[in-house]
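> below are the sequence and a predicted model for it; my questions follow.
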Amino acid sequence: MRTPLFLTGDGKTDFDPFGRAMVAWNGSYEAANALRAAVPMLKVASRVRLISVEESKEEQFPSTAALEYLSRHGIHAELVQRPRLADSIEEELLEQATIDRASYIVMGGYGHARAGEFLFGGVTRSLLQQCPLSLVIAH
């Protein structure tokens, strides 16, 4: 497993690992790697929510498998499945983070081909460019 990146949110100088954690879940290998890497942090979080935004692609790992994995590590997580109503997935994630008053987001990074990410953007690129919350990202 590669080392995850930890990035503080825009304009932030502090980080609260005991705050509320949000896991952006799309069922990808990258999301699973990020989840595994973040287990020590998620153990101390005051609340953990797994957020899944409706997409047309098939998940390699269903959300229930992620919840079971966290449970085996003593982490109680809630699943929130959001329909995609906003223009982008990152908008849906940030809206949910605001609703949940999340302290940080755990997510997989660059789940598409690098060329596609460069040409079309993507959730990772958008959140790296502008995000009010701290990010824990793994590939």
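All right, it came through fine. Residues are numbered from 1 along each chain as shown.
> now the helices for this protein?
Taking DSSP state H, the helices of the chain run over residues 29-44, 63-72, 89-100, 114-120, 123-129.
> turn those into CSV, columns for distance to Leu79, mean pLDDT and mean neighbour count.
The C-beta positions use only the backbone N, C-alpha and C, and glycine is treated the same way. Shown next, in CSV, are the helices of the chain (distance: least, Cβ to Cβ, whole Å; pLDDT from 0 to 100; neighbours: other Cβ atoms under 10 Å):
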stretch, distance to Leu79, mean pLDDT, mean neighbour count
helix 29-44, 13, 93, 19
helix 63-72, 5, 96, 15
helix 89-100, 12, 89, 18
helix 114-120, 27, 44, 11
helix 123-129, 19, 68, 18
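> now the ones you listed as JSON lines including distance to Leu7?
Output for those, formatted as JSON lines (distance: least, Cβ to Cβ, whole Å):
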{"stretch": "helix 29-44", "distance to Leu7": "13"}
{"stretch": "helix 63-72", "distance to Leu7": "22"}
{"stretch": "helix 89-100", "distance to Leu7": "15"}
{"stretch": "helix 114-120", "distance to Leu7": "17"}
{"stretch": "helix 123-129", "distance to Leu7": "7"}
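> which of the ones you listed sits closest to Val23?
Val23 lies closest to helix 29-44 among these, at 6.0 Å (Cβ to Cβ).
> same for that closest one, what does it pack against?
strand 20-24, helix 63-72, strand 104-108, strand 134-138 (3 or more Cβ pairs under 8 Å, 6 or more residues apart in numbering; DSSP states H and E).
> give me the contacts around that helix.
Helix 29-44 has contacts (Cβ atoms under 8 Å, 6 or more residues apart in numbering) with 1-4, 17-18, 21, 23-25, 48, 60-61, 66, 69-70, 73-75, 77, 104, 106-111, 136-139.
> recalculate using a threshold of 7 Å.
Applying Cβ atoms under 7 Å, 6 or more residues apart in numbering, the contact partners of helix 29-44 are 1, 4, 17-18, 21, 23-25, 48, 60-61, 66, 69-70, 73-75, 106-111, 136-139.
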